[in-house]
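Asks: here you go, sequence then predicted model.
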Amino acid sequence: MKVVVTGSAGFVGRALVTRLRDQAHDVLGVDRAADADIRGDIGDPAVLARLFAAGCDAIVHLATMPGGAAEQDPAGARRINLDASMALADAVAAAGHRPRFIFASSIAVLGDPLPPQVDDETPLAPRLIYGAHKAMIEQWLATMDRRGALSALSVRLPGIVARPEGPSGMKSAFLSEIFHALAAGRPFTAPVSPQATMWLMSVDRAVANLTHALAIDASGALTLPALRMSFAELATEIARQTGGDTTRISYDPDPVLEAGFGRQPPLFTSAADQLGFAHDGSLTTLVAKGLNR
């Protein structure tokens, strides 16, 4: 397939482009980073014209302003996460015959506080601007799918680990920072309690799920399977695999972060399971993959 990937120079985007090219797809990546195939902003009509000049069979839309940055700049978040995404959907629809559109949505659409368990019937109740914009695009793509303009599937990703060190604009950045701190023997202050629970997925598994989404005939929106663990369990396994020392971890819980990223209940994803999506299988595997990035 001729596949466009937005956010192609990002953490997930780089791995996805590599995987798709390994599978012999014709991939065109767009990002504001200098090493993208097409450098530019997807909100720019001239960039969209270049992207789709040769048509398009499918797109994976990863480009986004992340949650923390979106809260700091609501107008910028609307321009990138909402307006540009809608313009992108129109451009994709015009570039081929009902192209496949895979949208990287987020568990942020579920909001907080969450119910005692989350399943396919859990209603969307986003609290963050980021989550609200993701939910809006899910609905817009579902409408375009019903109208026959696109074959669209939104997949809600959990926390993806372990992202590279450095600023990311993500409120959940601490979930990756703990990998780097323990591996380097540095002290680390966790902004959640040891008992905080979260849903996580490795970048390798995220890429496998996104490529699977391109290949199947399914539409709508799905919450993807994810491993659930406490922060203490995650830290203990990272320390086991790196030789790190968990006594160097201190805890200073932030009530807002704890509510948003540390109270994730049991997760049941029967619709995604039946379609062949999967989590990492075990905490041991997830941490091993996270440490390899």
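Replies: Arrived safely, thanks for sending.

Asks: any idea how far residue 16 is from residue 281?
Replies: 20 Å (CB to CB, to the nearest Å). C-beta: built from backbone N, CA, C; applies to glycine.

Asks: pick out whichever of those two has more residues nearby.
Replies: Neighbour tally, residue 16 and residue 281, criterion other CB atoms under 10 Å: the higher count belongs to residue 16, 28 against 12.

Asks: the more buried one against residue 3, yeah?
Replies: No - using CB atoms under 8 Å, residue 16 is not in contact with residue 3, being 9.3 Å away.

Asks: find residues that contact each of these two.
Replies: Both residue 16 and residue 3 are contacted by residue 60, under the criterion CB atoms under 8 Å, 6 or more residues apart in numbering.

Asks: which residues touch the residue found closest to residue 23 once you drop the neighbours it is linked to in the chain?
Replies: Of all residues not flanking residue 23 in the chain, residue 211 sits nearest, at 7.1 Å (CB to CB, 6 or more residues apart in numbering). By CB under 8 Å, 6+ apart, residue 211 lies in contact with 16, 19-20, 23.

Asks: need the phi and psi values for the residue lying closest to residue 1 once chain neighbours are set aside.
Replies: Among residues not flanking residue 1 along the chain, residue 57 sits closest, at 4.1 Å (CB to CB, 6+ apart). In terms of degrees, to the nearest 10, the main-chain angles of residue 57 are phi -90, psi -30.

Asks: pLDDT on stretch 104-123, on average?
Replies: Averaged across stretch 104-123, pLDDT comes to 96.

Asks: could we number from 40 for the rest of this?
Replies: Got it, the first residue is 40 from now on, which makes the last one we talked about stretch 143-162.

Asks: any idea how far apart the tips of that stretch sit?
Replies: 18 Å (CA to CA, to the nearest Å).

Asks: and for the residue nearest to residue 40, the neighbour number?
Replies: Close neighbours of residue 96, defined as other CB under 10 Å, add up to 16.

Asks: re the thing from before, and the gap between the residue nearest to residue 62 and residue 47?
Replies: Remark: distance between residue 250 and residue 47 (CB to CB) = 14 Å.

Asks: just for the stretch 190-332 of the chain, where's the confidence low?
Replies: Applying pLDDT under 70 to the stretch 190-332 of the chain picks out residues 207-208, 332.

Asks: just the strands in it please.
Replies: Residue ranges of the strands in the stretch 190-332 of the chain, as given by DSSP state E, counting those that start in this stretch, are 190-196, 198-200, 227-229, 236-241, 259-262, 266-269, 288-290.

Asks: domain ranges for the protein?
Replies: According to automatic domain parsing, the chain comprises the domains 41-198+239-262, 200-237+266-304+320-330.

Asks: how about these in CSV, adding distance to residue 312?
Replies: Shown next, in CSV, are the domains of the chain (distance: least, CB to CB, whole Å):
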stretch, distance to residue 312
domain 41-198+239-262, 10
domain 200-237+266-304+320-330, 13
